[in-house]
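model this:
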Amino acid sequence: MKARDRISRRGFFQKATRSVAGAAVALSAPTVIPRSALGGPGVAAANDRLALGWIGGGGQGNGDAGALLGTGQVELVAVCDVYRPHAEKAAARGREGTKIYSDFREMLDRDNMDIVLIATPDHWHALPAIAACQAGKDVYCEKPLSLTIEEGRAMVAAVRRGNRIFQVGSQQRSEFSFRRACELVRSGRIGKLQSVDTRIGGNPTCGYDGFDPIPEGLDWDMYLGPAPWVPYNRHRTFGEFRRFWDYSGGNMTDWGAHHNDIAQWGMGTELTGPVEIEGSGVFPKSGLMECPTSFEATFKYKNGVELRCSSQGNDCTFHGTGGWIACNRGNKLISDPPDIVKEPLGPNDVHLYESNGHHRNFIECVRSRKLPICDVETGHRSVSVCHLGNIAIRLGRKIQWDPDKEQIVGDEEAARWVSRPMRSPWRL
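As a prediction, the model looks like this:
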């Protein structure tokens, strides 16, 4: 069956398995062994490299592709982008004959492709990821994993059904400072954990610039895809798409998918979620961009820990009865008392999954068939927190969440926000 046919199946989410056995252990038996599974460390021979198909050739995808190619274990064979200049620039990084596609379904019909990189705007994560899994490809997908909670659960189901390796691009899990902070917290070094503060920055605004001519080489209808049709405006594309609800969730899902992911890792709740959420925000009064310029959200968990996420600053801080630990990028790790972060972990302390490079970890897991450090279930649960925060902020009221059933409880209006309709002909 062609990828073009597979992607149009309806009712996928309703059939998705909500409880997946073995979510934190190695996959039992791969259904497909990559043609290059005999590759070893260092630079693999050409016939032992993993063949890469790259969807979304601009922005963050450039860094991801560079990191994957830089492992010496990967070669680029195909690129798909709705903007021709991005596609051509990306294809130049591949081997001779790297083919360019404008429709990801055509690219995924290739047999000589092992792995897929998805680095599109958020509203284009779910459909290509599901199609890639159905086509027998392993996937590296940028964060935030999904546009909605429904999409995320459908992606988890597709990965498990296809027995695929799926790494979500929450690369902070592969940085020392974040892992060590979580290990120290879970080892009780700050006493009983009481709360976590994540600070993720606010959203910018822009004026109302009217409509722009569509750039040459851009397939605007395909860019919109499952999102509602609107006339072209430059702010809706490239780096600024994150400020529109149709394509993303602002900094709550952008930076929130990083720091709230680390918060849940440190709390030990990375495979579940909060039970109560409330939030508020200040929204633009004019202009095109929609996401709040400032906001705060509070998430309460069954274990009594409270996660507070705000737009002020940028870091992650764990508070306990015996002190606090703060972590950020660049291996920034501080604590009070200061000695907490200086004392090494002992054999009886908590030692978490250690990854020495997020992209390299993905390649290693493609070969070994072990779960990567940010498996699809983890990525789904982390961005679900962010989606719930946005729902509470936009509605301006408290909501109750059942993390086992993944349902908003006692609020029919809010419950509808876990999914969104897709523009025809696109369906989960």
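
can you give me the strands for the stretch 151-300 of the chain?
Using DSSP state E, counting those that start in this stretch, the strands of the stretch 151-300 of the chain run over 166-168, 193-200, 276-282, 294-300.

can you list the residues that contact the shortest one?
The one in question is strand 166-168. Strand 166-168 has contacts (Cβ atoms under 8 Å, 6 or more residues apart in numbering) with 129, 133, 138-143, 145, 155, 159, 358-359, 361-362, 365, 372-376, 378-379, 382. Bear in mind the C-beta positions are built from the backbone N, C-alpha and C, glycine included.

Starting from it, tell me which strands it pairs with and how they run.
The strands beside strand 166-168 in its sheet (DSSP bridges) come out as strand 138-141 (parallel).

Name the residues that touch the strand it pairs with?
With Cβ under 8 Å, 6+ apart, strand 138-141 has contacts from 34, 64, 68, 114-118, 125, 129, 132-133, 159, 164-169, 359, 362, 366, 379.

Ramachandran coordinates for S170?
S170 adopts backbone torsions of phi -90, psi 80, taken as degrees, to the nearest 10.

so it touches N260, yeah?
No: applying Cβ atoms under 8 Å, one finds S170 not in contact with N260, separated by 9.8 Å.

neighbour count winner among these two?
Each of S170 and N260 has its neighbours counted (other Cβ atoms under 10 Å); N260 has more, 29 against 26.

Break down this structure into its helices, ranges please.
Listed in chain order, the helices of the chain (DSSP state H) span 3-6, 12-15, 60-70, 84-91, 104-108, 126-134, 149-162, 176-186, 220-224, 250-254, 256-267, 358-368, 376-395, 412-415.

Could you check the fourth one and say which residues are buried?
Which is helix 84-91. R84, H86, A87, A90, A91 (16 or more other Cβ atoms under 10 Å).

ok so, going back, need the overlap of contacts for S170 and N260.
Shared contacts of S170 and N260, defined by Cβ under 8 Å, 6+ apart, comprise S382.

Just the terminal-to-terminal distance for stretch 277-294.
Across stretch 277-294, the terminal residues are separated by 17 Å (Cα to Cα, to the nearest Å).

quick one: contacts of that stretch?
Outside stretch 277-294, the residues touching it (Cβ under 8 Å, 6+ apart) are 202-209, 233, 235-236, 240, 242-245, 249-252, 295-300, 311-312, 388-394, 396-399, 401.

Buried ones among those?
202-205, 233, 235-236, 240, 242-245, 249-252, 295-300, 311, 388-394, 399, 401.

so who does R397 touch?
Taking Cβ under 8 Å, 6+ apart, one finds E278, D411, A414 in contact with R397.

now swap in L218 and tell me
Here L218 is in contact with V82, Y83, R84, Y232, T237 (criterion: Cβ under 8 Å, 6+ apart).

Tell me the most packed of these, by neighbour count.
That'd be V82 among the contacts of L218, by other Cβ under 10 Å, with 25 neighbours.

right, so of the strands of the stretch 151-300 of the chain, which gets closest to I149?
strand 276-282 (12.3 Å; Cβ to Cβ).

Pull out the buried positions in that closest one.
E276, I277, E278, G279, G281.

Span of stretch 169-183 from start to end?
End-to-end distance of stretch 169-183 (Cα to Cα): 21 Å.

so what's G40 scoring on pLDDT?
Reported pLDDT at G40 in the predicted model: 43.

how is this structure carved up into domains?
Here the domain parsing of the chain from automatic domain parsing is 3-172+362-376, 176-352+380-411.

about what we covered before: now the strands of the stretch 151-300 of the chain in TSV, with mean pLDDT?
Output for the strands of the stretch 151-300 of the chain, formatted as TSV (pLDDT from 0 to 100):
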stretch	mean pLDDT
strand 166-168	98
strand 193-200	98
strand 276-282	98
strand 294-300	98
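
could I get these as CSV with distance to L218?
What follows is those, written out as CSV (distance: least, Cβ to Cβ, whole Å):
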stretch, distance to L218
strand 166-168, 27
strand 193-200, 30
strand 276-282, 31
strand 294-300, 31
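
Quick check: which of those is nearest to D336?
Among the strands of the stretch 151-300 of the chain, strand 193-200 comes nearest to D336, with 13.6 Å by Cβ to Cβ.

I393 - nearest residue in space that isn't next to it in sequence?
G279 (3.9 Å; Cβ to Cβ, 6 or more residues apart in numbering).

Around P226, count how many other residues there are.
Using other Cβ under 10 Å: P226 sits among 20 other residues.

ok, now how distant is it from G266?
34 Å (Cβ to Cβ, to the nearest Å).

Please apply the same query to E175.
14 Å.

same deal with A415?
In this view, A415 and G266 are 29 Å apart by Cβ to Cβ.

With F318 instead?
Using Cβ to Cβ, F318 is found at 5 Å from G266.

residues bridging contact with the two, i.e. touching both?
Shared contacts of F318 and G266 (Cβ under 8 Å, 6+ apart): A181, V185, L193, V196.

of all those residues, which two lie farthest apart?
Maximum pairwise distance among these (Cβ to Cβ): 11.6 Å, between A181 and L193.

joint contacts of the two?
G266, F318.

the more surrounded of the two?
Taking other Cβ under 10 Å, A181 and L193 do not tie; A181 has more neighbours (28 against 22).

what's near enough to touch that one?
Taking Cβ under 8 Å, 6+ apart as the test, what A181 contacts is I262, G266, C316, F318, I325, A326, C327, L333, V341.

between these, which is nearest R105?
The closest of the contacts of A181, once distances to R105 are taken by Cβ to Cβ, is I262, at 34.9 Å.

So what's the residue count around the closest one?
27.

Surely it and R180 touch.
No: using Cβ under 8 Å, I262 makes no contact with R180, being 11.2 Å away.

quick one: which of the contacts of A181 is nearest to G59?
Closest to G59, out of all of those and judged by Cβ to Cβ, is I262, at 22.7 Å.

quick one: the closest one from S355, how far?
On the measure of Cβ to Cβ, I262 and S355 end up 14 Å apart.

any shared contact partners between those two?
Shared contacts of I262 and S355 (Cβ under 8 Å, 6+ apart): R173.
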